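J.: My questions concern the predicted model and sequence given below.
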Amino acid sequence: TIPAATYGTSDVPTIVVPNLLLVREDFAANNACAVTKLIFDKKADLEKVHPAVKDIDRAKASVTEPVPLHPGAKQALG
């Protein structure tokens, strides 16, 4: 929702555009697992670098359709 104060109107609901971290199909599963775990383990530190990190949600991280979730990332989120 865009708050009313932003444009002097009422609150306006908006759509969400997801962002995906893409890797090649042959990217090592152990590396994909490690990167995925690192993102969530260091989320608080990453938020200090960019506020958009606050929107990263572990519960929604596996929703990547139509792009298949890498097996290593799936293991990390398991």
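T.: Yep, that arrived. Note that the coordinates shown come from a computational prediction; the quantities given were computed from them, not determined experimentally.

J.: What are the contacting residues of stretch 44-62?
T.: Residues from elsewhere that reach stretch 44-62, judged by CB atoms under 8 Å, 6 or more residues apart in numbering: 36, 39-40, 43, 69, 73-74, 77. C-betas here are computed from N, CA, C, even on glycine.

J.: These, buried ones only, as a ChimeraX selection?
T.: Buried members of the contacts of stretch 44-62, defined by 16 or more other CB atoms under 10 Å, are picked up in ChimeraX with:
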select :36,39,69,73,74
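
J.: how about Leu69, what does it touch?
T.: Going by CB under 8 Å, 6+ apart, Leu69 touches 62, 77.

J.: what's the spacing between it and Ser62?
T.: Computed as CB to CB, to the nearest Å, the Leu69 to Ser62 distance reads 6 Å.

J.: now swap in Ile56 and tell me
T.: Ile56 is 12 Å from Ser62, by CB to CB.

J.: for Phe40, same thing?
T.: Per CB to CB, Phe40 is found 12 Å from Ser62.

J.: With Leu46 instead?
T.: Applying CB to CB, the value for Leu46 to Ser62 is 19 Å.

J.: out of those two, which sits in the more crowded spot?
T.: Leu46 (17 against 14; other CB atoms under 10 Å).

J.: that's a strand at that one, yeah?
T.: No. Under DSSP: H, G, I helix; E, B strand; the rest coil, Leu46 sits outside any strand and is assigned helix.

J.: Can I get the lengthiest helix in the chain as CSV, trimmed to CA atoms?
T.: What stands out as the longest helix in the chain, according to DSSP state H, is helix 29-41. C-alpha atoms of helix 29-41 as CSV (Å, rounded to 0.1, in the frame of the first residue of the first chain):
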residue,chain,number,x,y,z
ALA,A,29,23.7,-27.3,-5.1
ASN,A,30,25.9,-26.8,-2.1
ASN,A,31,26.7,-23.3,-3.2
ALA,A,32,23.0,-22.5,-3.8
CYS,A,33,22.2,-23.9,-0.4
ALA,A,34,25.0,-21.8,1.2
VAL,A,35,24.0,-18.6,-0.5
THR,A,36,20.3,-19.1,0.4
LYS,A,37,21.1,-19.8,4.1
LEU,A,38,23.5,-16.8,4.2
ILE,A,39,20.8,-14.4,2.9
PHE,A,40,18.5,-15.4,5.8
ASP,A,41,21.2,-15.8,8.4
